[in-house]
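Chemist: Just a sequence and a predicted model for now, questions to come.
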Amino acid sequence: MVGLMMDATNALEVSSSKVEVTDVHEEEKIRFIFWDELSASILKISAVELRKKMHMEKNRRSLKEFKGFAYPTDYVMEELGNKLIYDELNYDEDVLKFEFKRLFSTLTGIYHKIMYVVNGQNGGVFFLHGYGGTSKTFMWTTLAAALRSQGKIVLTVATSGIASLLLPGGRTAYSKFKIPVPLFENSTCNIDGNSDLAKLLKVTNLIIWDEAPMAHKFCFEASDRTLKDIMSDTVDGDKIFGGKVIVFGGDFRQILPVVPRADRSDIVHSSINSSYIWDECIVLTLTKNMRLRSNAGSSDADELKTFSEWILKVGEGKISEANDGIADFEIPDDLLIKEFDDLIDAIMKSTYPNFLNMYNNPDYLQQRPILASTIDAVDTINDYVLSIIPGEEKEYFSSDSIDRSKLTINASLFSYSLQNS
């Protein structure tokens, strides 16, 4: 079998050299199709069935759940490898080394403290605390580039979906660690000890968890119990998180866990610093506002600095007299829209000046968000914007599946990315 795989790999190299590939995705497609046929010949199942297996793995399902499909033996899967581990190692190390060199010049001692523990691989839990603009995301990017350029595995997750999009290779923590919903005090993650995900976690060198203060403490405790179980056969398996190195990050001035029908005390008690895990955390603090430094030469640098300092004082409760966390304070006049006939129209003109001439420019739109506290407010603003844009309004629908009963052509022509586009 090894000889077959080596011959096939050589054949792939020869065949690839005869094909002019101008698109990276096309090259991957060629390799995938070839690997399909090779894998199928080893497994003695059809390439179509193998594709079904790989697609179901991507969607957290298994062919074992359905009768009638051939399933690879453990030995064959060992030969083909763990797809999750392959995905986490499938980074261009040369590109990441270049990225790391670019980022390294501005690093602080915090980076070296974390890397020292990661290189030791004896376990450790950090919490990187810093308000908005102190480059927490920059730190995650640097750590990931440094380790992945060395062929090591870094899992980057975040509590919210939006935050995960800012991380290199990011996923939500709920998705990556299969955290159950609803979550209880004694819950564990839905990870089987013999699954590919468990094997991936065993060889992971660093876990980065951004926006940790937004998650309920039960999320971290469930992850701790699960990792201890997965790593139970190792020397450090009885340590916190099974001896894995984890770096949490976030800002307690921002959103805390959402607890239905809870009072202030319940919400505070549900956050990570009320968990036994907090006693094991080494707290590291970022204090320099890198956004201000990057805009030091701009014309509005002083205005940005004043606003950043004011918003920080609001978050720390220092904007008014001593209080117990509830206080009234005045918003500066330069931040308010005071003269208007139509509130929505005034907000639009303030946020999007010259909108009708610029609405087709994506960069113009991306740099000017309007934040709203309720869905109703969002709908009102969106309806108003659509009403002033010239032209006829059109609605486009996406689909997650195909109605095969009405299909007259091959369903495989409609990829999932096409259906959702």
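Modeler: Thanks, I have the structure now. Residues are numbered from 1 along each chain as shown.
Chemist: Between the two ends of stretch 174-182, how far is it?
Modeler: 11 Å (CA to CA, to the nearest Å).
Chemist: ugh, wrong one, I meant stretch 276-283
Modeler: End-to-end distance of stretch 276-283 (CA to CA): 14 Å.
Chemist: And stretch 261-278, by the same measure?
Modeler: First-to-last residue span, stretch 261-278, CA to CA: 25 Å.
Chemist: before we move on, what about stretch 232-247?
Modeler: For stretch 232-247, the first-to-last residue distance is 21 Å (CA to CA).
Chemist: Average pLDDT for that stretch, rounded please.
Modeler: When pLDDT is averaged over stretch 232-247, the result is 92.
Chemist: Stretch 254-261 now?
Modeler: Average pLDDT, stretch 254-261: 88.
Chemist: can you check stretch 271-291 too?
Modeler: For stretch 271-291, mean pLDDT is 87.
Chemist: who's in contact with it?
Modeler: 108, 110, 113-114, 124-136, 138-139, 212-213, 215-217, 220-221, 224, 240, 248, 252, 256-257, 268, 304, 308 (CB atoms under 8 Å, 6 or more residues apart in numbering). Every C-beta, even on glycine, is put in place using the N, C-alpha and C of the backbone.
Chemist: Let me see the backbone angles for residue 265.
Modeler: When read as degrees, to the nearest 10, the backbone of residue 265 gives phi -60, psi -40.
Chemist: now do the same end-to-end measure for stretch 204-216.
Modeler: End to end - CA to CA - stretch 204-216 spans 24 Å.
Chemist: which non-adjacent residue is nearest residue 167?
Modeler: Spatial nearest neighbour of residue 167, chain neighbours left out: residue 156 (4.1 Å); criterion: CB to CB, 6 or more residues apart in numbering.
Chemist: for the stretch of helix or strand the one you found belongs to, packing partners?
Modeler: If you go by DSSP states H and E, residue 156 is part of strand 154-158. Applying 3 or more CB pairs under 8 Å, 6 or more residues apart in numbering; DSSP states H and E, we find strand 154-158 packed against helix 136-148, helix 161-165, strand 171-172, helix 173-177, strand 206-210.
Chemist: Mind doing that once more with 7 Å?
Modeler: helix 136-148, strand 171-172, helix 173-177, strand 206-210 (3 or more CB pairs under 7 Å, 6 or more residues apart in numbering; DSSP states H and E).
Chemist: Just the buried positions in it, please.
Modeler: 154-158 (16 or more other CB atoms under 10 Å).
Chemist: With mean neighbour count as added columns, please give the helices and strands packed on strand 154-158 in a markdown table.
Modeler: As requested, the helices and strands packed on strand 154-158 are exported to a markdown table (neighbours: other CB atoms under 10 Å):
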| stretch | mean neighbour count |
| --- | --- |
| helix 136-148 | 22 |
| strand 171-172 | 17 |
| helix 173-177 | 20 |
| strand 206-210 | 25 |
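Chemist: And those: which comes nearest residue 383?
Modeler: Residue 383 lies closest, by CB to CB, to one member of those: strand 171-172, at 30.1 Å.
Chemist: what comes into contact with that closest one?
Modeler: 157-158, 161, 164 (CB atoms under 7 Å, 6 or more residues apart in numbering).
Chemist: What of stretch 342-359?
Modeler: Applying CB under 7 Å, 6+ apart, the contact partners of stretch 342-359 are 337, 340, 364, 368, 370, 380-381, 384-385, 389.
Chemist: Just the CA atoms of that stretch, as PDB, please.
Modeler: Extracted in PDB, the C-alpha atoms of stretch 342-359 (Å, rounded to 0.1, in the frame of the first residue of the first chain):
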ATOM      1  CA  ASP A 342     -36.100  63.700  10.400                       C
ATOM      2  CA  LEU A 343     -33.900  61.700  12.800                       C
ATOM      3  CA  ILE A 344     -33.100  58.900  10.400                       C
ATOM      4  CA  ASP A 345     -32.300  61.300   7.600                       C
ATOM      5  CA  ALA A 346     -30.000  63.300   9.900                       C
ATOM      6  CA  ILE A 347     -28.100  60.200  11.000                       C
ATOM      7  CA  MET A 348     -27.700  59.200   7.300                       C
ATOM      8  CA  LYS A 349     -26.400  62.600   6.200                       C
ATOM      9  CA  SER A 350     -24.000  62.700   9.200                       C
ATOM     10  CA  THR A 351     -22.700  59.200   8.700                       C
ATOM     11  CA  TYR A 352     -22.800  59.100   4.900                       C
ATOM     12  CA  PRO A 353     -22.200  62.500   3.400                       C
ATOM     13  CA  ASN A 354     -22.700  62.700  -0.400                       C
ATOM     14  CA  PHE A 355     -24.400  59.200  -0.200                       C
ATOM     15  CA  LEU A 356     -26.200  59.300  -3.500                       C
ATOM     16  CA  ASN A 357     -22.900  59.800  -5.400                       C
ATOM     17  CA  MET A 358     -20.900  57.300  -3.400                       C
ATOM     18  CA  TYR A 359     -23.300  54.400  -2.600                       C
END
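Chemist: Appreciated, that's everything.
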